[in-house]
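*Asks:* 3D, please:
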Amino acid sequence: MSNKSSIIVDKVWNYCNVLRDDGVSYGDYVEQLTYLIFLKMADEQAKPPFNKSSIIPHELDWQSLLEKDGDALEIHYRYILVELGKQKELLGIIFRKAQNRIQDPAKLKRLIMLINEETWIGLDIDVKGDIYEGLLQKNAEDIKSGAGQYFTPRSLIKTMVEVMQPKPGMKIYDPASGTGGFLLAAHDYISKKYNLDKEQKQNLKFNTFFGKDIVDGVARLCVMNLYLHGIGGEASPIEVGDSLRADPGDRFELVLTNPPFGKKSSITIINSEGKAATEKLVYERPDFWATTSNKQLNFLQHIKTVTKINGKVAIVVPDNVLFEAGAGETVRRKLLHECDVHTLLRLPTGIFYASGVKANVLFFDRKGASEKPWTERLWIYDLRTNKHFTLKQNPMQFEDLQDFIKCYNPENRRERKETERFKDFTYEEIRQRDNFNLDIFWLKDESLEDFENLPDPIVLAREIMEDLETALDQFSDLYEDLEEKEL
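*Replies:* All right, here's what the predicted structure looks like:
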């Protein structure tokens, strides 16, 4: 982040501490900033030298906010949010179900004046983007907000994009777009690697990136994040909805995603006694290999569907996708047969804001019909064994993934070489494992042998906590399955 970006982030963020005394959470604060910054930018675009016709109706614009104080300001602000939420396209996504969380008119006025002090359109796109990304990261770091589940470590995203090598003209998709990290990283990669002409730049801005998220508030943050980075126009590149509900019909050359953690898909219903109850959500789709309530397996099947033949996929999956029997075995066997599943990156613990997560990145190419399995060899890189990271004291950096990028050899995957951490396994070797199990380790855990050089206590404590939470999740799933069979 540039020095100017950092100064503005600190300036805008520090005001959140004042609002927290009124019960305004980090997430609510970022949402209010989103509404107000968008209105301010629309106002700037309507003035010289841009002189664009504003997409905001006159009576709902930034100037109408500046003219009011006290209760009249708070009432008018609420009116603006409701009315803009009725609009279509970009406005509708950003202001959908918007509410004012800042009840004190004096503090709302102070925030408006704080934003009014900056000329947002005048800021470089990278600076604006850095500011918003900085705010999203601060929000993710706040455990209470729960926003961390939508925030994938940027070092991991950058690595995934680096080896997937997106190109101009591709249609790039994230069916669980979160705050837009993957789409932004792909945009940054293409912008810097290729000398684009005017037509290619227009195509990159309007016709390259697509995404979907089921949560209104998260889709809002994503759309604003892309908008501040110069992606999209009045038509939103992000849809709000359940990606798993049906085959959208669209096909993409590149899919980059980290579906939300949490194994089971479910909905909350009100039963006959008027009490809230959880009901498993099972997706029955003709394009799916297996019918299951396992959200991760469903995302994997959905992504296979929406990827074009010879298209490429990089998806973050939890460990259970690698070894679960039943539907899990069916999905793995079909995936290895119909796609070239060529690489698996085993991720270390302690890198996600959501605790208890043991995850991996699965890389594969979608292929056409064939009697013979497309997967010949699966290369596995173990970045977990004897690696210890924490979110604050020792976060995983892009440099920590350089050896994986080198081993992946994106320029020519056919010329890979085995190393201590990078091994290949043939399709036949995998087929002979129980349930097509991909949960493969070969390195020795040094902490089990060398008690004098154990990791820091905080690292050990976190890893123990994550192991316990993972085990508890598995027992919980087992209990639910047994309970269902008895009913």
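*Asks:* now the strands: where do they sit in the stretch 101-250 of the chain?
*Replies:* In the stretch 101-250 of the chain, the segments counted as strands under DSSP state E, counting those that start in this stretch are 172-174, 209-213, 238-240.
*Asks:* most packed of these?
*Replies:* strand 172-174 (a mean of 27; mean count of other CB atoms under 10 Å). For every residue, glycine as well, the C-beta is placed using N, CA and C.
*Asks:* Quick check, central residue of the protein?
*Replies:* Taking CA atoms, centre = their mean as the criterion, Gly178 is the residue nearest the geometric centre of the chain, at 3.9 Å.
*Asks:* give the contact list for the spatially closest residue to Leu256 that is not a sequence neighbour.
*Replies:* Once flanking residues are discounted, Leu256 sits nearest to Phe182: 4.0 Å by CB to CB, 6 or more residues apart in numbering. Neighbouring residues of Phe182 by CB atoms under 8 Å, 6 or more residues apart in numbering: Thr152, Ile157, Met160, Val161, Asp174, Leu256, Thr257, Asn258.
*Asks:* Any figure for the gap between the residue nearest to Arg251 when sequence neighbours are not counted and Gly249?
*Replies:* Nearest in space to Arg251, with sequence neighbours left out and distances taken as CB to CB, 6+ apart, is Lys308 at 4.4 Å. Lys308 sits 12 Å away from Gly249, taking CB to CB, to the nearest Å as the criterion.
*Asks:* one step back: CSV please, covering the strands of the stretch 101-250 of the chain and showing distance to Gln402.
*Replies:* Compiled in CSV, the strands of the stretch 101-250 of the chain are given as follows (distance: least, CB to CB, whole Å):
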stretch, distance to Gln402
strand 172-174, 24
strand 209-213, 26
strand 238-240, 31
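*Asks:* out of these, which comes closest to Leu345?
*Replies:* Evaluated over the strands of the stretch 101-250 of the chain, closeness to Leu345 peaks at strand 172-174, with 17.9 Å, by CB to CB.
*Asks:* Quick one, which of the strands of the stretch 101-250 of the chain gets closest to Glu199.
*Replies:* So among these, strand 209-213 is nearest, using CB to CB, at 16.7 Å.
*Asks:* Tell me the strands beside the closest one, with direction?
*Replies:* With DSSP bridges as the test, strand 209-213 is paired with strand 172-174 (parallel), strand 238-240 (parallel).
*Asks:* contacting residues around it?
*Replies:* 171-178, 180, 183, 186-187, 219, 222, 226, 231-232, 237-241, 243, 250, 252.
*Asks:* mind redoing it with 7 Å?
*Replies:* For strand 209-213, contacts defined as CB atoms under 7 Å, 6 or more residues apart in numbering pick out 171-178, 180, 183, 187, 219, 222, 226, 231, 237-241, 243.
*Asks:* swap in stretch 191-206?
*Replies:* Pro168, Gly169, His187, Ile190, Gly230, Ile231, Gly232, Gly233.
*Asks:* Only the buried subset of those, as a PyMOL command please.
*Replies:* To isolate in PyMOL the members of the contacts of stretch 191-206 that are buried, counting by 16 or more other CB atoms under 10 Å, one can use:
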select buried, resi 168+187+190+230+231+232
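*Asks:* could I get the contacts of stretch 191-206 as JSON lines with distance to Tyr408 and pLDDT?
*Replies:* JSON lines is the format used below for the contacts of stretch 191-206 (distance: CB to CB, whole Å; pLDDT from 0 to 100):
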{"residue": "Pro168", "distance to Tyr408": "22", "pLDDT": "96"}
{"residue": "Gly169", "distance to Tyr408": "23", "pLDDT": "95"}
{"residue": "His187", "distance to Tyr408": "21", "pLDDT": "95"}
{"residue": "Ile190", "distance to Tyr408": "19", "pLDDT": "97"}
{"residue": "Gly230", "distance to Tyr408": "29", "pLDDT": "82"}
{"residue": "Ile231", "distance to Tyr408": "27", "pLDDT": "88"}
{"residue": "Gly232", "distance to Tyr408": "31", "pLDDT": "83"}
{"residue": "Gly233", "distance to Tyr408": "35", "pLDDT": "78"}
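*Asks:* so can I have JSON lines of the contacts of stretch 191-206 showing distance to Arg416?
*Replies:* As requested, the contacts of stretch 191-206 are arranged in JSON lines below (distance: CB to CB, whole Å):
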{"residue": "Pro168", "distance to Arg416": "27"}
{"residue": "Gly169", "distance to Arg416": "27"}
{"residue": "His187", "distance to Arg416": "28"}
{"residue": "Ile190", "distance to Arg416": "25"}
{"residue": "Gly230", "distance to Arg416": "36"}
{"residue": "Ile231", "distance to Arg416": "34"}
{"residue": "Gly232", "distance to Arg416": "37"}
{"residue": "Gly233", "distance to Arg416": "41"}
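*Asks:* Ok, which of the strands of the stretch 101-250 of the chain comes nearest Trp62?
*Replies:* strand 238-240 (23.4 Å).
*Asks:* Give me the contact list for the closest one.
*Replies:* The contact list for strand 238-240 (CB under 7 Å, 6+ apart) reads Ile93, Arg96, Ser177, Gly211, Lys212, Asp213, Asp216, Ala219, Cys222, Val223.
*Asks:* again, only using 10 Å
*Replies:* Contacts with strand 238-240, where a contact means CB atoms under 10 Å, 6 or more residues apart in numbering, come from 90, 92-93, 96-97, 174-175, 177, 180, 183, 209-227, 231-232, 248.
*Asks:* Tell me the helix or strand right after it.
*Replies:* Tracing the chain C-terminally past strand 238-240 and defining elements by DSSP states H and E, one meets strand 252-257 next.
*Asks:* how far is that following strand from where the chain is centred?
*Replies:* Distance of strand 252-257 from the chain centroid (CA atoms, centre = their mean, to the nearest Å) equals 13 Å.
*Asks:* between the strand of greatest length in the chain and strand 252-257, what angle do the directions make?
*Replies:* Using DSSP state E, we find that the single longest strand of the chain is strand 307-318. Our comparison of strand 307-318 with strand 252-257, counting by axes from the mean of the first three to the mean of the last three CA atoms, to 10 degrees, yields an angle of 10 degrees.
*Asks:* returning to what we had before: what's near enough to touch the residue nearest to Arg251?
*Replies:* Met170, Lys171, Asp250, Arg251, Phe252, Glu253, Leu254, Val255, Arg366.
*Asks:* what number of residues lie near the last one?
*Replies:* For Arg366, the neighbour count with other CB atoms under 10 Å is 24.
*Asks:* That one bridge partners, please.
*Replies:* The partner residues for Arg366, given DSSP bridges, come to Cys339.
*Asks:* Use 58 as the first number from now on
*Replies:* Sure, I'll start counting at 58 from here, so that last one is Arg423.
*Asks:* State the distance from it to Gly368.
*Replies:* 5 Å.
*Asks:* Can you check which residues contact both of these two?
*Replies:* Residues touching both Arg423 and Gly368 (CB under 10 Å, 6+ apart) are Arg308, Phe309, Glu310, Val312, Ile360, Lys361, Cys396.
*Asks:* give the contact list for the nearest residue to the fourth one once chain neighbours are set aside.
*Replies:* Excluding the flanking residues, the one nearest Val312 by CB to CB, 6+ apart is Val370, at 4.6 Å. By CB under 10 Å, 6+ apart, Val370 lies in contact with 221, 230, 309, 311-314, 357, 360-361, 363-364, 392, 396, 398, 419-423.
*Asks:* thinking again about what came up before, and the contacts of Lys365, which are buried?
*Replies:* If we count by 16+ other CB under 10 Å, these have these buried: Met227, Lys228, Arg308, Phe309, Glu310, Leu311, Val312, Arg423.
*Asks:* would TSV of those residues with distance to Gln259 be doable?
*Replies:* Converted to TSV, the buried ones among the contacts of Lys365 look like this (distance: CB to CB, whole Å):
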residue	distance to Gln259
Met227	15
Lys228	15
Arg308	22
Phe309	19
Glu310	18
Leu311	19
Val312	23
Arg423	28
